[in-house]
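A.B. asks: show me how the following folds:
(2 chains)
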There are 2 protein chains.
Amino acid sequence: MELLKQSIRQRGIALSEQVLKVDAFLNHQIDPLLMQAIGREFAARFREDGITKIVTIEASGIAPAVMTGLELGVPVIFARKHQSLTLTDNLLVASVYSFTKQVESTIAISTTHLSAHDRVLIIDDFLANGKAAKGLISIIQQAGASIAGLGIVIEKSFQQGRAELEEMGFRIESLARVISLKDGQITFLD
Amino acid sequence: MELLKQSIRQRGIALSEQVLKVDAFLNHQIDPLLMQAIGREFAARFREDGITKIVTIEASGIAPAVMTGLELGVPVIFARKHQSLTLTDNLLVASVYSFTKQVESTIAISTTHLSAHDRVLIIDDFLANGKAAKGLISIIQQAGASIAGLGIVIEKSFQQGRAELEEMGFRIESLARVISLKDGQITFLD
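C.D. replies: Model (predicted):
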């Protein structure tokens, strides 16, 4: 997706060979017009897949997921990382290690909003080692729902997430694939 | 806003006299079409106020804030509650106590994205005791930016947040004002 790659080139920062900072438009400040374009692109790629629910994870997945939900006309569920007084239902949980935050956390979705009848599109801001994606997959499978695929805004293609998820049989649509962050240079796969 | 009040009546749950659960369309599952309508309503109320930035707080403020930003054509910043490896800039911080999570947390915004030239609209999902709003106000004032007002999706009008913020001179636009949650009944102010 060219508009996204432009934004990454112009406003992204390679903090190290592993960490890409896109706080200018995705992870801290959000560009709503870009999110709308991202939502339209994901919707176009999954429009024929019978999606009934989008599942993402707080916080940075919410903006692209909601824009995709708007385009597809389906609700969005965001998995919570932190316990809330209002999240009191039967919970489906998974354990996820976050590299960028360097903490292990439990993510949770209420069984109220996800059932075996659902066909789910997973949306997330980044795919790196695939830990968050696998946590979401576990929760969705616990609910008995089926998974149409994963829509990823930025894939770090030099990490093993895509390969492992593809081996598990999942379809992955990444809008930008970063193959290297060496020497402060952001290089895309194509 | 009638569509919002309908959603609260039909899908909201008064968990206690203090806690309103709207996990079905705002705090866990998100209704994108309702968020779009909310964004349009906030944009209509603040369109003449020269807004240059929207500021909200993760996670539940993001969806209504991004839809408002889309309508007004301005970026959205979400204050972070949790430290991230990519949030490395000079940070403006404030301490906020969350009633629904029963934890004190530090919220942060990078100085990179907020300056004295900005005119800010604060958007949040709930206004209760005003703690989160005051934390955001403190951060925005530390940046030297001016505040046009606060757009609140659901106000718990039986708590003191609105009164205290109005006393501080702030304009508050709440799309639904809940005056009581007694006996499991959700009652609106008007």
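A.B. asks: setting aside sequence neighbours, what's the nearest residue to A:Val96?
C.D. replies: Spatial nearest neighbour of A:Val96, chain neighbours left out: A:Gly135 (3.9 Å); criterion: Cβ to Cβ, 6 or more residues apart in numbering or on different chains. Quick note: C-beta positions are derived from backbone N, CA and C, even for glycine.
A.B. asks: please apply the same query to A:Gln185.
C.D. replies: With sequence-adjacent residues excluded and distances taken as Cβ to Cβ, 6+ apart, A:Gln185 is closest to A:Ala14, at 6.7 Å.
A.B. asks: and that neighbour, bridged to which residues?
C.D. replies: Beta bridges link A:Ala14 to A:Leu20 when assigned by DSSP bridges.
A.B. asks: helices or strands up against the lengthiest strand in chain A?
C.D. replies: As far as residue count goes, and with DSSP state E defining each element, the longest strand of chain A is strand A:146-156. Under the contact criterion of 3 or more Cβ pairs under 8 Å, 6 or more residues apart in numbering or on different chains; DSSP states H and E, the helices and strands touching strand A:146-156 comprise helix A:2-11, helix A:32-46, helix A:62-72, strand A:119-127, helix A:131-142, helix A:161-167, strand A:172-180.
A.B. asks: looking at these, which is closest to B:Val103?
C.D. replies: Nearest to B:Val103 among the helices and strands packed on strand A:146-156 is helix A:62-72 (20.5 Å), distances taken as Cβ to Cβ.
A.B. asks: C-terminal to that closest one, what's the next element?
C.D. replies: Proceeding N to C from helix A:62-72, the next assigned helix or strand is strand A:76-79, under DSSP states H and E.
A.B. asks: skip ahead from that next one and say which helix or strand is next.
C.D. replies: Once strand A:76-79 ends, the next helix or strand along the chain (criterion: DSSP H and E) is strand A:91-98.
A.B. asks: quick one: buried residues of that next one?
C.D. replies: Residues of strand A:91-98 classed as buried by neighbour count (16 or more other Cβ atoms under 10 Å in any protein chain shown): A:Leu91, A:Leu92, A:Ala94, A:Val96, A:Ser98.
A.B. asks: using TSV, please lay out those together with pLDDT and distance to B:Val66.
C.D. replies: Written out in TSV, the entries for these read as follows (pLDDT from 0 to 100; distance: Cβ to Cβ, whole Å):
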residue	pLDDT	distance to B:Val66
A:Leu91	91	26
A:Leu92	93	26
A:Ala94	94	26
A:Val96	91	24
A:Ser98	77	22
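A.B. asks: which one of those sits closest to B:Gln10?
C.D. replies: Within those, proximity to B:Gln10 (Cβ to Cβ) peaks at A:Leu91, which comes in at 23.4 Å.
A.B. asks: and the gap between the residue nearest to A:Gln141 when sequence neighbours are not counted and A:Asn129?
C.D. replies: Distance criterion Cβ to Cβ, 6+ apart; nearest residue to A:Gln141, sequence neighbours excluded, is A:Ile147 at 7.6 Å. Per Cβ to Cβ, to the nearest Å, A:Ile147 is found 19 Å from A:Asn129.
A.B. asks: which of these two has more neighbours?
C.D. replies: For A:Ile147 and A:Asn129, the more surrounded residue by other Cβ atoms under 10 Å in any protein chain shown is A:Ile147, and the numbers stand at 19 against 16.
A.B. asks: contact partners for the more buried one?
C.D. replies: With contacts defined as Cβ atoms under 8 Å, 6 or more residues apart in numbering or on different chains, A:Ile147 is in contact with A:Arg119, A:Val120, A:Leu121, A:Ile122, A:Ile137, A:Ile140, A:Gln141, A:Phe170.
A.B. asks: what count of nearby residues applies to A:His28?
C.D. replies: When counting by other Cβ under 10 Å, one arrives at 26 neighbours for A:His28.
A.B. asks: just checking, it touches B:His113?
C.D. replies: Yes. Proximity of A:His28 to B:His113 meets the contact threshold set by Cβ atoms under 8 Å, at 6.7 Å.
A.B. asks: which neighbours do the two have in common?
C.D. replies: Common contacts of A:His28 and B:His113, defined by Cβ under 8 Å, 6+ apart, comprise B:Ile77.
A.B. asks: picking up where we left off before, the residue nearest to A:Gln141 pairs with what?
C.D. replies: With DSSP bridges as the rule, A:Ile147 is bridged to A:Val120.
A.B. asks: how far away is it from A:Phe158?
C.D. replies: From A:Ile147 over to A:Phe158 the distance is 25 Å, taken as Cβ to Cβ.
A.B. asks: pLDDT below threshold where in chain A?
C.D. replies: Across chain A, residues meeting the criterion (pLDDT under 70) sit at A:83-88.
A.B. asks: count of neighbours near A:Leu26?
C.D. replies: Using other Cβ under 10 Å, A:Leu26 has 26 neighbouring residues.
A.B. asks: nearest spatial neighbour of it, skipping sequence neighbours?
C.D. replies: A:Asp125 (5.8 Å).
A.B. asks: the one you found touches A:Ile62, doesn't it?
C.D. replies: No. Counting by Cβ under 8 Å, A:Asp125 does not reach A:Ile62; the two are 9.1 Å apart.
A.B. asks: neighbour-wise, which of these two wins?
C.D. replies: Here A:Asp125 and A:Ile62 are compared on neighbour count by other Cβ under 10 Å; more neighbours surround A:Ile62, at 27 against 21.
A.B. asks: can you pull the contacts of the more buried one?
C.D. replies: For A:Ile62, the contact set (Cβ under 8 Å, 6+ apart) comprises A:Thr56, A:Val76, A:Phe78, B:Ile30, B:Ala59, B:Ile62, B:Ala63, B:Val66.
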